[in-house]
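>>> Following is a predicted model, sequence given first.
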Amino acid sequence: MDIEHGAFRVKPFVKADPDFDYSLKDYVYTEEDKKYEASRRAKILHWDDIHTASKAAPELELRAKECMLQFLGYNPHPHDYYPSLPFIQSLLDTYIKKQITAQTANAELLFHMKAIRNHQMLSGGWLRYLDRTPEEYVYYAKVLPKMALTARFRLSQFLGYTPDIIHSMDAEIYLRHVYCRDDFREDMPFSQEDYVAVTVTRYCELYMTEGKEAADDSGLLGPYNFGELFPPENDGEA
C-alpha cells in the first residue's frame, strides 16, 4: 500500500502473505483499467493550474489550505485542489474586502470543497475496488491483524456507528498501515489520516447504496467551525 502525505491509495492485492496467491497472471486488462491508469497519469500537476493559482491572491494560499482542513479534515493532494485554488483564494479575497457576506462565502467554499473531495475519491483510486471479491475479504482478514480492531473501533467512534465492512474495507486497511507507525497511540486525537478514512467510508457507503449523485452531494466531515473561518467583525456588506 502506498501512503503519501496529502494523498492516499489502496492496493488490495499487495503480495504480503506467502501462503496466499495475490498474483494477477490471469488478469484480463479491461477498458476500466485503462481509464484508471489514465487517471493516475493525470495526477501530474499542470503548469496552467499552478500559474493561475499563483496570480489569484497568492498571499491567501495558506488561508485557503486552512479552509480545506476545516471542511475536509485533511490536506488533499495538490493535484486535487490546485484547479480550485484560484477560485478559493479569490473568494476569500472578496470576502476580506467586505464585498460578500460570510454566508455567501461559506456556500461557495462548500461547493469547491465538495468538488475537491469528489475528485479525490476518483483520482485516489478509492472507487476502483467496490465490487468486493472473496480474495479481497481474505486479504482484509489477514493484513496487519493486530491493528484490525483498533482501526475498526476508531473509525466507528468517529462515524457514530459501525460501518458495513463492504463500505469500510479499504479505509480500514489504510488505517491499519497508518497505525503501525512508531508514534501511534490508541488514545491519540483524530488525525488527518482518520479524517481520510471516515471520508472514504462515508462516501463509498453512499456511492454503493444511493448512487454517485448522493455521494457527491453528501456533507463534509472536517472539524468545521463557521466562527473561526468567518469572524463576525470581518463580515461583508453584500
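All right, it came through fine.
>>> What's the per-residue pLDDT of the nearest residue to Ala102 once chain neighbours are set aside here?
Nearest non-adjacent residue to Ala102, counting by C-beta to C-beta, 6 or more residues apart in numbering: Phe230, 3.5 Å away. (Glycine included, C-beta is placed from N, CA and C.) Confidence at Phe230, expressed as pLDDT, is 82.
>>> Excluding chain neighbours, what is closest to Ala151?
Computed as C-beta to C-beta, 6+ apart, the closest residue to Ala151 that is not its neighbour in sequence is Leu175, at 3.9 Å.
>>> any idea of the pLDDT on the residue positioned nearest the centre of the chain?
Centroid-nearest residue in the chain: Val196, 4.8 Å away (criterion: C-alpha atoms, centre = their mean). Listed pLDDT for Val196 reads 95.
>>> Was I right to think it contacts Pro76?
No. Counting by C-beta atoms under 8 Å, Val196 sits too far from Pro76 to count as a contact (9.3 Å).
>>> what about Asp216, how many neighbours?
17 (other C-beta atoms under 10 Å).
>>> Excluding chain neighbours, what is closest to it?
Leaving aside its chain neighbours, Asp216 sits nearest to Asn118 (4.8 Å; criterion: C-beta to C-beta, 6+ apart).
>>> Tell me if that neighbour really is in a helix.
Yes. Counting by DSSP: H, G, I helix; E, B strand; the rest coil, Asn118 is located in a helix.
>>> Give me the pLDDT for it.
Asn118 is assigned a predicted lDDT (pLDDT) of 94.
>>> do you know how far it is from Tyr137?
According to C-beta to C-beta, to the nearest Å, Asn118 stands 27 Å off from Tyr137.
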